[in-house]
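1. Structure for the following, please:
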Amino acid sequence: MFDEPGLRYAHQAMRTTFEFFFPGPDTSRYQGIAEDCANEIAEIELAISPYQEGSDIQRLNIAAGSGEWVRIGWPTLTLLRMCHSLFIETRGTFAPFDGLRTMRLSGKVLDPITNHLVEQASHRVNDNVQPIEFHPDGPMARLATTTLIDLGAIGKGWALDKCAEVAFDVGVDRAFFHAGGSSMIAIGENWPVSIPGLLEDVTLSNTSLSVSRRVNPDAGGVHIATSAQSGDSTDVVARVIGSSCAITDALSTAAISGTMGSWKSFEGYDTRVIVIDNP
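-> Now for the predicted structure:
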């Protein structure tokens, strides 16, 4: 990650590797903090993974279209409200409520429950209503008929934001966290980062960066299927820098999933998008 000495801690979750780096010779000071961050990620995954049996998101997906209000945790409610706001502000190019499409086209091997939900939703008629409703009196939500939630485009960034909060709360003033190399948070000043595909070097200071790429050669083809470019193999790379890693994750996905001119810019978030000409 970086050449300087320090504590390096890796944690497998959300189908990727989270890594925490705390520079300095006193590595024992940071071991407990890294473990607390790993525990935070594990709790988040148990709540928001659509593939985790009994999770808030899986229970919402199972009840989609039933009219039933599903009680969820307050953190999940906060995240879903953020998702709904970003869905509206990006005019649907950030689409966490389009799991029917993203799960089907992701290339992931789906568990039996998720596969059954995708098959069921595929035969329903889209009723063109809001994908999600929030109960006014408590942490409850319900989904429209064809809605399935897939938070793959924001979950890692949300988890990294929470890890940064854990570190800030105990006085960490310099650290670097990332998930799979595509979502990252720099705590402290002057962290140098190179971005493959963009041929860009940036220096991060107390900020987040997310990178999304439409065609992932290592994954054997299309990485993010777009509604506007279905069947198109054009390779697009986007990077977003800003204060919240959840939001940089969402915006980098939105930037390669639709025309940025169709949604307003986000103050304080620096976005760069390029099209790569493949031979």
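2. C-alpha from now on. contacts and neighbour counts both.
-> Fine.
3. Just list the residues touching residue 74, thanks.
-> residue 139 (CA atoms under 8 Å, 6 or more residues apart in numbering).
4. Let's see that with 10 Å instead.
-> Residue 74 sits next to 80, 138, 139, 140 when contact means CA atoms under 10 Å, 6 or more residues apart in numbering.
5. nearest spatial neighbour of the last one, skipping sequence neighbours?
-> Read that as residue 140. Closest residue to residue 140 apart from its sequence neighbours, by CA to CA, 6 or more residues apart in numbering: residue 71 at 4.3 Å.
6. What residues does the one you found make contact with?
-> So residue 71 contacts 56, 59, 60, 77, 135, 138, 139, 140, 141, 142 (CA under 10 Å, 6+ apart).
7. Try it again at 7 Å.
-> Listed by CA atoms under 7 Å, 6 or more residues apart in numbering, the contact set of residue 71 reads 139, 140, 141.
8. now these in CSV, with secondary structure?
-> Below are those laid out as CSV (DSSP: H, G, I helix; E, B strand; the rest coil):
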residue, secondary structure
139, coil
140, strand
141, strand
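9. Show me what the longest helix along the chain is packed up against.
-> The residue-count maximum for a helix in the chain (DSSP state H) belongs to helix 28-48. Using 3 or more CA pairs under 7 Å, 6 or more residues apart in numbering; DSSP states H and E, the elements in contact with helix 28-48 are strand 6-13, helix 56-62, helix 155-169.
10. Compute the inter-axis angle for the helix or strand following the longest one and strand 6-13.
-> Heading C-terminal from helix 155-169, the first helix or strand you meet, by DSSP states H and E, is strand 175-179. Inter-element angle recorded for strand 175-179 and strand 6-13: 20 degrees (by axes from the mean of the first three to the mean of the last three CA atoms, to 10 degrees).
11. Tell me the spacing between the spatially most central residue of the chain and residue 138.
-> By CA atoms, centre = their mean, the chain has its centre lying nearest to residue 154, at 1.8 Å. Per CA to CA, to the nearest Å, residue 154 is found 24 Å from residue 138.
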